[in-house]
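# Sequence unavailable; structure follows:
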């Protein structure tokens, strides 16, 4: 009985919170035009996320839109293993504290601020390592990340 009640409640809340296609602005409908035919079949959560994404897109300048489009095109061209690896890394990153995320962003920013030749040399140096040395380097990076994570974690009283 509880299961049936939960299912009915889920259906009702989905219908209450779902957003009719016509309720979207004309700009949002243009951005989301590929979803028009299936809009009613989408969950309310998916509709909301798409509408918010359309708003973000509409508020971007041309340069940012071009950058995002390029990233999305690269994402579409990845195979499923590469996508899964990136999603796993993203979820791991999202699990870090804000301080840890900031450190990661700072490290990436520092790497990107290096001259292109130096970045290329570092990448090539890493790729030239044999599997054992590369594994050791990754373990050192992991231990460093774990150390920083423990350092940032609140201490029990």
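Arrived safely. All values reported here derive from a predicted model rather than from experimental measurement. Numbering: from 1, shown residues only.
# Find the residue at the geometric middle of this protein.
residue 90 (5.7 Å; C-alpha atoms, centre = their mean).
# tell me which element residue 118 is part of?
Using DSSP states H and E, residue 118 falls within helix 116-128.
# Name the residues that touch the one helix or strand the residue nearest to the centre of the chain maps to?
When secondary structure is defined using DSSP H and E, the element that contains residue 90 is helix 80-94. The set of residues external to helix 80-94 that reach it, using C-beta atoms under 8 Å, 6 or more residues apart in numbering, is 75, 78, 101, 104. C-betas here are computed from N, CA, C, even on glycine.
# which stretch of helix or strand covers the third one?
In this structure, residue 101 is located in helix 98-113 according to DSSP H and E.
# That helix packs against which elements?
Helices and strands touching helix 98-113, by 3 or more C-beta pairs under 8 Å, 6 or more residues apart in numbering; DSSP states H and E, are helix 116-128, helix 131-152.
# how far out from the middle of the chain is the shortest one?
Relative to its parent chain, helix 116-128 has a centroid offset of 26 Å by C-alpha atoms, centre = their mean, to the nearest Å.
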